[in-house]
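Student: missing the sequence, but the structure's below:
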């Protein structure tokens, strides 16, 4: 029974990593840049929802929608101000800028909302109790897994079909060629950021519903873990982010439960190294040979 | 756009230069008085003492740093308003909770010609800074850095808070004396000196006095979010009391997750647990029956506490002060009390002041009544002696046991 309990804990932690990783992987897959500020957009989304439902008494669904709108605008503004001017710059410059944006968001959040942690009111509470209360699955976990699946299907459909999706895939393959074919690369990438940031808002609300402490640095560690999950599953691959997130959560909890709580993070990253050694593009990533 | 940014930068640089100019002229004034730090600047017998504070104003530990900054500010404002012969100038620098940054904060304060160092808030930076102040001979009083490493071998460093081992031992004694639990579980952050220090002393002392510790569980960082594994281990071992020598933000998650899994032992926290009830949106029913050791209770009704809480709220936009703020407040008053016992303050530089303050703090008859205890006194090792207070949370408020 304690094994099953650990599996459930692992899935609930992993589903959070997965939903964050979806946003990471989508932006990387198309814009080919690591948006390290993604974790902090999540934090902003959670704060918006916190104040919308807590201070203004909005319905949780309205709170989530408002958070999505705010994050979409924020993501677009960040992209326009910080990343767009660097479109032609080497990718290292963009990476450093992303880290800068991450710090900027954290410190602005601290100025605006203070450093003291706030307790997030979960959008759904309670849980499913089975086997006479020996196993508990919280509704947030179920909601997170379902949201992950829905988002995954929608994203795959959006990128796979339709004009915008085609444009995104074209940009991902070759920006220069895409531009020659008459695709507006700038607006396509902005669109990608807008969608990624809206996903971040959903992830933020779900994450804080599961683990309800909210502070300006809330997004940073889950952001890094989710990035690891995205690499684990194959960065750029949408189903890979989901699988990677879940596996990472389960490995982390199993390592804690059966090996050592001290070494759990080391074991997680050891697993990542082994996967990358055996399959350099991640579990579900596509191997793209370098053409000479 | 570029022009606008350039203008902004230029404006910022101007401001910085003006600020530098001010300090420079102040320093010029004081050097006229025989080069002594900056006391004795005026003819009417007023002595100005510069207190340089260090603590994290940004980053993970900002909540504690800001509390110690503002708590001391309240005391400085009160003392200066008295208009007595001793006046304070106060400058608090951000160390982001990192030792390297603390060193540059300390250098900034030396350039500002500080006389006394107040800080740091957290243990890591304090250990580094105390070595520096020991070498440079500055008197240092920390409100909240509780490791014995901060004071060990340094005669110039004093603490306002309990030491970590002291808290662990006191907690074990208290639990045993009041038979609060027969099987004890411990969950602590082994990436943190504070948490580890208390937990290790607790476990060692529990063994000596025959308290049975059935589970010792750790987690690597306060950013950890999932504690189900640790709680399950305590539950499976049959622990009826879980000792949590950790800060309140992870503790709030532990309480929520324990409640979700239907595990309800007695939870017992150290002083880092203080503040859990002030968390925005925290469901106080989760903390019902939680016990903690804290030197300060913001709900107390004595005049000193009520006044302090009011002044602090004014400074901080309505935030209720925690024990870090109260420790900070007491630090300034302890320094003030010691300064009044020193003769010839006006002619002292920071080195002479350091020796005089060490003598004053360790004097046999020196004791201070403050918010965090009455009759507080210090040993030559820099450790404080005051009574621990255990409170239990009932109906969302502290009740002193």
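Tutor: Sure thing, it's come through. Keep in mind that this is a model prediction, so the values were computed, not measured.
Student: near chain B, which residues of the stretch 51-200 of chain A show up?
Tutor: A:54, A:107, A:110, A:114-121, A:127, A:133, A:136, A:138 (CB under 8 Å from any CB of the partner chain). For every residue, glycine as well, the C-beta is placed using N, CA and C.
Student: Among those, which ones are in strands?
Tutor: Using DSSP state E, the members of these that fall in strands are A:118, A:119, A:127, A:136, A:138.
Student: ok, which pair from those residues is furthest apart?
Tutor: Farthest-apart pair in these is A:118 and A:136; separation 25.1 Å (CB to CB).
Student: between those two, who's got more neighbours?
Tutor: residue A:118 (23 against 19; other CB atoms under 10 Å in any protein chain shown).
Student: Quick check: bridge partners of the more buried one?
Tutor: For residue A:118, the beta-bridge partners are residue A:214, residue B:280 (DSSP bridges).
Student: in the stretch 1-150 of chain A, which segments are predicted with low confidence?
Tutor: Along the stretch 1-150 of chain A, segments meeting pLDDT under 70 span A:1, A:133.
Student: one more time with 80
Tutor: Within the stretch 1-150 of chain A, the segments meeting pLDDT under 80 span A:1-2, A:115-116, A:125-136.
Student: ok so residue B:49 is a helix residue?
Tutor: No. Using DSSP: H, G, I helix; E, B strand; the rest coil, the secondary structure at residue B:49 is strand, not a helix.
Student: Kindly state the beta-bridge partners for it.
Tutor: Note on residue B:49: beta-bridge partners by DSSP bridges are residue B:88.
Student: what's around it, how many residues?
Tutor: 23.
Student: So residue B:213 belongs to a helix, correct?
Tutor: No. Residue B:213 sits outside any helix when classified using three-state DSSP, being strand.
Student: So which bits of chain B are right by chain A?
Tutor: Neighbours of chain A within chain B, by CB under 8 Å from any CB: B:58-60, B:62-63, B:66, B:190, B:217-221, B:223, B:225-226, B:228-230, B:232-233, B:236, B:248-250, B:252-253, B:256, B:260-262, B:275, B:278-283, B:319.
Student: Any chance of a PyMOL selection covering the buried ones in those residues?
Tutor: Those of the residues of chain B next to chain A that count as buried under 16 or more other CB atoms under 10 Å in any protein chain shown are selected in PyMOL with:
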select buried, chain B and resi 58+59+60+62+63+66+190+217+218+219+220+223+225+226+228+229+230+232+233+248+249+250+252+253+256+260+261+275+278+279+280+281+282+283+319
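Student: Which members of the residues of chain B next to chain A are positioned in helices?
Tutor: The members of these that map onto helices under DSSP state H are B:62-63, B:66, B:228-230, B:232-233, B:236, B:248-250, B:252-253, B:256, B:260.
Student: Name the surrounding residues that touch stretch A:265-273.
Tutor: By CB atoms under 8 Å, 6 or more residues apart in numbering or on different chains, the list of residues contacting stretch A:265-273 from outside reads A:225, A:228, A:231, A:232, A:248, A:251, A:252, A:255, A:259, A:260, B:220.
Student: if we go to 10 Å?
Tutor: Here stretch A:265-273 makes contact (CB atoms under 10 Å, 6 or more residues apart in numbering or on different chains) with A:221, A:225, A:228-229, A:231-232, A:244, A:247-249, A:251-252, A:254-256, A:259-260, A:263, A:282, B:191, B:220-221, B:224.
Student: Can you show me the helices along chain B?
Tutor: Using DSSP H, the helices of chain B run over B:2-31, B:62-82, B:99-111, B:123-136, B:148-151, B:164-177, B:193-208, B:228-236, B:248-260, B:303-315, B:323-340, B:350-361.
Student: State the pLDDT value of the nearest residue to residue B:110 once chain neighbours are set aside.
Tutor: Residue nearest to residue B:110 in three dimensions, not counting chain neighbours: residue B:136, with 7.3 Å by CB to CB, 6 or more residues apart in numbering or on different chains. As predicted, residue B:136 sits at a pLDDT of 93.
Student: Looks like residue B:136 contacts residue B:349 (just checking).
Tutor: No. Taking contacts as CB atoms under 10 Å, residue B:136 lies outside contact range of residue B:349: 11.4 Å.
Student: In space, what's closest to residue A:31 - neighbours in sequence excluded?
Tutor: Excluding the flanking residues, the one nearest residue A:31 by CB to CB, 6+ apart is residue A:189, at 4.9 Å.
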